[in-house]
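S.K.: Need a 3D model of the sequence below.
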Amino acid sequence: AQEAQRRLEMEAQKDYPGPGDPNFPFPMLFPQLGTGDRDNIKAYFKQLRQETTTRLLKVIYNADGTPNKWWFQFSKRKFMNKSM
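M.R.: Reported below is the predicted structural model:
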């Protein structure tokens with residue numbers, strides 16, 4: 001559980017492309033934004049990733065740190081042709 005927490009927190013801290021960046025995957029969802037709005041949305045997405053990480057770890061690992069069998073059964077299956 002500690003290793004998963006460390007890896008997910010590192011992933012949440014990365015700087016991903018946000019609205020207005022050329023590599024942002026959903027440019028049609030956001031109109032042209034000013035610099036301030038763009039920075040606010042990127043900060044919001046970063047906070048969303050961090051909060052999702054915190055909540056997800058509480059669900060997929062038991063209180064004693066062992067993997068939750070119900071959630072980890074899905075790790076053996078492919079999703080969108082990708083395996084974990």
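
S.K.: What distance do you get for the residue nearest the centre of the chain to Y61?
M.R.: Compute the mean C-alpha point of the chain, and by C-alpha atoms, centre = their mean the closest residue is R49, 4.3 Å away. For R49, the distance to Y61 equals 18 Å [C-beta to C-beta, to the nearest Å]. Bear in mind the C-beta positions are built from the backbone N, C-alpha and C, glycine included.

S.K.: which parts of stretch 48-66 are buried?
M.R.: 49, 53, 60-61 (16 or more other C-beta atoms under 10 Å).

S.K.: go on, stretch 12-26?
M.R.: 12, 18-20, 24.

S.K.: can you tell me which two in those are farthest apart?
M.R.: Using C-beta to C-beta, the buried residues of stretch 12-26 reach their maximum pairwise distance at A12 and G20, which is 20.8 Å.

S.K.: just how off-centre is the lowest-mean-pLDDT helix or strand in the chain within its chain?
M.R.: Least confident element among the helices and strands of the chain, by mean pLDDT, DSSP states H and E: helix 69-72 (a mean of 79). Between the centre of helix 69-72 and the centre of its chain there are 19 Å (C-alpha atoms, centre = their mean, to the nearest Å).
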